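Visitor: sequence first, then the predicted structure:
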Amino acid sequence: MCTEDKRVINTKYFESKQEIFDTAGQLAITESKTLGLPITYVVNNEIIKEYPDGKKEFLGVVPPKIKVKEMVISLN
């Protein structure tokens, strides 16, 4: 059985949507930092909340069954 996800992944449609989602994520991070809000992200399967003052809080671990793709976002 072929799911819709398997038919869409690795297509130009998927790539264009992924680019939109990546840009939206970068914008959300920038706006959160501008407003002095913490951001939450995953590093090496650890869920981290980072506050504007640089303090980092460990929130938990991503379950092993969830695939996490490491991505670095640089905001200027």
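Guide: Thanks, I have it. Numbers count the residues shown, from 1 in each chain.

Visitor: and for Phe14, the neighbour number?
Guide: Taking other Cβ atoms under 10 Å as the criterion, the count of residues near Phe14 is 13. C-betas here are computed from N, CA, C, even on glycine.

Visitor: confirm it sits in a helix?
Guide: Yes. When classified by DSSP: H, G, I helix; E, B strand; the rest coil, Phe14 is found to be part of a helix.

Visitor: can you pull the pLDDT of it?
Guide: Note for Phe14: predicted pLDDT of 76.

Visitor: with Leu37 instead?
Guide: In the predicted model, Leu37 carries a pLDDT score of 95.

Visitor: I'd say it and Pro52 touch.
Guide: Yes. In this structure, Leu37 is within contact of Pro52 by Cβ atoms under 8 Å, at 7.4 Å.

Visitor: what about the strands in this structure?
Guide: 39-43, 46-50, 56-61 (DSSP state E).

Visitor: as CSV, the ones you listed with distance to Ser16 would be great.
Guide: Putting these into CSV (distance: least, Cβ to Cβ, whole Å) gives the following:
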stretch, distance to Ser16
strand 39-43, 24
strand 46-50, 29
strand 56-61, 32
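
Visitor: tell me how many other residues crowd Pro64.
Guide: Taking other Cβ under 10 Å as the criterion, the count of residues near Pro64 is 8.

Visitor: low-confidence ranges, the protein, go.
Guide: Across the chain, residues meeting the criterion (pLDDT under 70) sit at 1-9, 65-68, 70-76.

Visitor: 80 - rerun?
Guide: Scanning the chain for pLDDT under 80 picks out the ranges 1-15, 63-76.

Visitor: give the contact list for the residue lying closest to Gly36 once chain neighbours are set aside.
Guide: What sits nearest to Gly36 in space, not counting adjacent residues and going by Cβ to Cβ, 6 or more residues apart in numbering, is Pro52, at 4.9 Å. Taking Cβ atoms under 8 Å, 6 or more residues apart in numbering, we find Pro52 in contact with Lys33, Gly36, Leu37, Pro38.
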